[in-house]
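# Need coordinates for the below:
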Amino acid sequence: MTWVVEIASATVAGLVIVVVSALVERLGPVIGAVLGSVPHVAVVGSVGFFLQTASSDEFRIAMLSMPLGMLCNSLFTMAISISARLLPQHCIQSPKGRLFFCVACGFLSYVSGLAAIMFGLRPKEQSMQVAWLAAAAAFVLELLVGILLVCVAPSTSKSGPKPRTSFSILVARGLVTFCIFFGAVAVARSLPALAGILANLPLVTTMILVVIWTSQGEDVTLGCLGPMTLGMLSASGYSMLSSELMLLWHPVLGCVVSWLLSLVVVTKPTLVVLEQLNKQKERKDKSKGYDPEAIRTSEGSSSAEGSTSSSC
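Predicted coordinates for the structure are as follows:
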């Protein structure tokens, strides 16, 4: 039964991430960044943890650790943004070189945050009240990081052609997600706190950022870090809600209600605010003589005339 749960959860998560990734790339960097962070995969994780953990407390610990993992992801995106701004252009001129350096800084911050949580906070050894407070604090800190990134690096109106990832890359994302979830569900019984954090390992996020960076450039990538971080709040909200509702009600009903509430309370308001910010920025750009719509139309015409390569 154990291997069935692990393989089934990991397979569904892999398939979900492939489908969502394909949709995200066709919705643009801002809206796609938010929708790509909707708790599709977190739902799979909650079901896997529910079936795998030995007690209700272990299930709660695993789910309440997800916001802590998302906070580490926020540190990951913030480190990318900071390192890109602090790194002088003349030090590393190659776009791929700058990308590698920034992602390396992001993973260093992620690992540092993970170590601080696991060895400093020790979620498994804390009471349920402390676990809830830690999850709520992580949610608030993640919100603040997202707002900071949106203010420091607002999404740019200018963008290149929407990326079209090859089928092999999509399959690779699915395989990476499969491995992550297989490992997370495998350790859920013995290390529920680590399982909740591992389920949010930012490997697929990194792959998406690489696609945007190499196809649309550094500025567009930095502009989508804020929306992406705010979008992660939806998964954090879902995990906190489902940690109680899946136990209080039938697991399926609790799962569905938690998912819907996270969309209504977190994702929808985030989308509305970001769309308004984008409209304000476009109006400001037009007042300065820069027409983003005209540029996008011009880029589309040039692409239609025969240019099939992505520009950085």
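# Could I get the phi/psi values of Tyr94?
Tyr isn't right for residue 94; it's Ser. phi -70, psi 130 (degrees, to the nearest 10).
# now do Arg122
Torsion angles, degrees, to the nearest 10, at Arg122: phi 50, psi 70.
# buried stuff in the helix or strand containing Ala10?
According to DSSP states H and E, Ala10 maps onto helix 2-24. By 16 or more other CB atoms under 10 Å, the buried positions in helix 2-24 come out as 5-6, 8-14, 16-18, 20-21, 24. Just so you know, the C-beta spots here come from the backbone N, C-alpha and C atoms, and that holds for glycine as well.
# Mind checking the pLDDT average for that helix?
The predicted model gives helix 2-24 an average pLDDT of 80.
# which other helices and strands contact that helix?
Identification of packing neighbours for helix 2-24 by 3 or more CB pairs under 8 Å, 6 or more residues apart in numbering; DSSP states H and E yields helix 29-35, helix 40-52, helix 167-186, helix 203-216.
# CSV for those helices, including distance to Thr77, mean pLDDT and mean neighbour count?
Below are these laid out as CSV (distance: least, CB to CB, whole Å; pLDDT from 0 to 100; neighbours: other CB atoms under 10 Å):
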stretch, distance to Thr77, mean pLDDT, mean neighbour count
helix 29-35, 10, 60, 24
helix 40-52, 17, 87, 24
helix 167-186, 18, 86, 19
helix 203-216, 8, 82, 21
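# so which of the ones you listed gets nearest Glu125?
helix 40-52 (18.7 Å; CB to CB).
# any idea of the angle that closest one forms with helix 167-186?
30 degrees (axes from the mean of the first three to the mean of the last three CA atoms, to 10 degrees).
# So which of the helices and strands packed on helix 2-24 is nearest Ser243?
Nearest of the helices and strands packed on helix 2-24 (CB to CB): helix 40-52, 8.2 Å.
# Show me what the closest one is packed against.
Helix 40-52 packs on helix 2-24, helix 56-64, helix 167-186, helix 192-198, helix 218-248, helix 251-262, going by 3+ CB pairs under 8 Å, 6+ apart.
# Is Leu15 in contact with Gly174, as I believe?
Yes. Assessed by CB atoms under 8 Å, Leu15 is found in contact with Gly174 at 6.5 Å.
# what angle sits between the helix holding Ala10 and helix 203-216?
Going by the same axes, to 10 degrees, helix 2-24 makes 20 degrees with helix 203-216.
# hmm, back to that, among the helices and strands packed on helix 2-24, which comes closest to Met228?
Nearest of those (CB to CB): helix 29-35, 4.0 Å.
# possible to save the helices and strands packed on helix 2-24 as TSV with distance to Arg98?
Formatted as TSV, the helices and strands packed on helix 2-24 follow (distance: least, CB to CB, whole Å):
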stretch	distance to Arg98
helix 29-35	18
helix 40-52	29
helix 167-186	21
helix 203-216	9
